[in-house]
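Sequence first, predicted coordinates after that:
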Amino acid sequence: MRIARRGVVVVLMALTLAACEAANTPSSSIVSGGGGSNSGSCSSVGPLGSARGLITATINGASFMGGVSNGGAVYTPIGAQPALGLPAQDLFNITGSCADLTSLFITARATVGTTAIGVDANGVALRDPVTQQPLVHNVRLELRQNAVSAGTWIVSSLGGSGSITVTSVSTVAAVGSFSFTMVPQAGTPASGNKTVTGQFNVTF
């Protein structure tokens, strides 16, 4: 019986050690595009939750599950200016964060349809197809590694390209999808482009 008990103890210790090693094994990382050393995982929402919806995406092949918390989805009405020939230009801002605190920020016009954003092949900033004014659309990806900034990537009038498709939108909710080639923002640790595709479904 003493030998049997000792054997059970040895087995339990081995199982405990294996479990600890598995827990300390890094999960897939958006920073490195696949095995990294993030303290959390982007396959689950951030600590503030997802009371206002989700932004889900694939970033360089890695999954991003961005929870949109209270205050993370804002609808802003902007009235028409008939004297200038400008229609209403309502917009919305949404922010999704995953468990390792990586965040994706999206600003878009509150109009149904697909809008090309960023710059063209010549590096010229795209304009709103209706107003011919500079686009308000912009996107920012802020990566975290061990809770420290690992770089910022953008799509805006300064660089990057892609499109945002708004499937439905009102003052209370928005649904849509996106596809971007995001470029590093100057002054951050970012390097190389990020290919990002995904969807959003949020309430304001």
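Happy to help now that I have it. Numbers count the residues shown, from 1 in each chain.

Can you show me the strands along the chain?
Secondary structure of the chain (DSSP state E): strands located at 53-59, 62-67, 73-76, 91-97, 103-109, 113-118, 138-145, 148-155, 161-169, 173-184, 194-203.

Would you format those as CSV with distance to residue 124, mean pLDDT and mean neighbour count included?
Every C-beta, even on glycine, is put in place using the N, C-alpha and C of the backbone. Shown next, in CSV, are the strands of the chain (distance: least, C-beta to C-beta, whole Å; pLDDT from 0 to 100; neighbours: other C-beta atoms under 10 Å):
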stretch, distance to residue 124, mean pLDDT, mean neighbour count
strand 53-59, 26, 98, 21
strand 62-67, 29, 98, 22
strand 73-76, 27, 98, 18
strand 91-97, 22, 98, 23
strand 103-109, 20, 98, 23
strand 113-118, 10, 97, 19
strand 138-145, 16, 96, 22
strand 148-155, 14, 96, 20
strand 161-169, 11, 98, 17
strand 173-184, 15, 98, 20
strand 194-203, 22, 98, 19
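
Please tabulate those strands in JSON lines, including the columns distance to residue 129.
Converted to JSON lines, these look like this (distance: least, C-beta to C-beta, whole Å):
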{"stretch": "strand 53-59", "distance to residue 129": "24"}
{"stretch": "strand 62-67", "distance to residue 129": "28"}
{"stretch": "strand 73-76", "distance to residue 129": "20"}
{"stretch": "strand 91-97", "distance to residue 129": "15"}
{"stretch": "strand 103-109", "distance to residue 129": "10"}
{"stretch": "strand 113-118", "distance to residue 129": "7"}
{"stretch": "strand 138-145", "distance to residue 129": "16"}
{"stretch": "strand 148-155", "distance to residue 129": "17"}
{"stretch": "strand 161-169", "distance to residue 129": "12"}
{"stretch": "strand 173-184", "distance to residue 129": "17"}
{"stretch": "strand 194-203", "distance to residue 129": "21"}
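
out of these, nearest to residue 46?
Closest to residue 46 of those is strand 91-97 (C-beta to C-beta; 3.5 Å).

Next, the angle strand 103-109 makes with the closest one.
Computed by axes from the mean of the first three to the mean of the last three C-alpha atoms, to 10 degrees, the angle separating strand 91-97 from strand 103-109 equals 170 degrees.

for strand 91-97, packing partners?
Packed against strand 91-97 by the contact rule (3 or more C-beta pairs under 8 Å, 6 or more residues apart in numbering; DSSP states H and E) you find strand 53-59, strand 62-67, strand 73-76, strand 103-109, strand 194-203.
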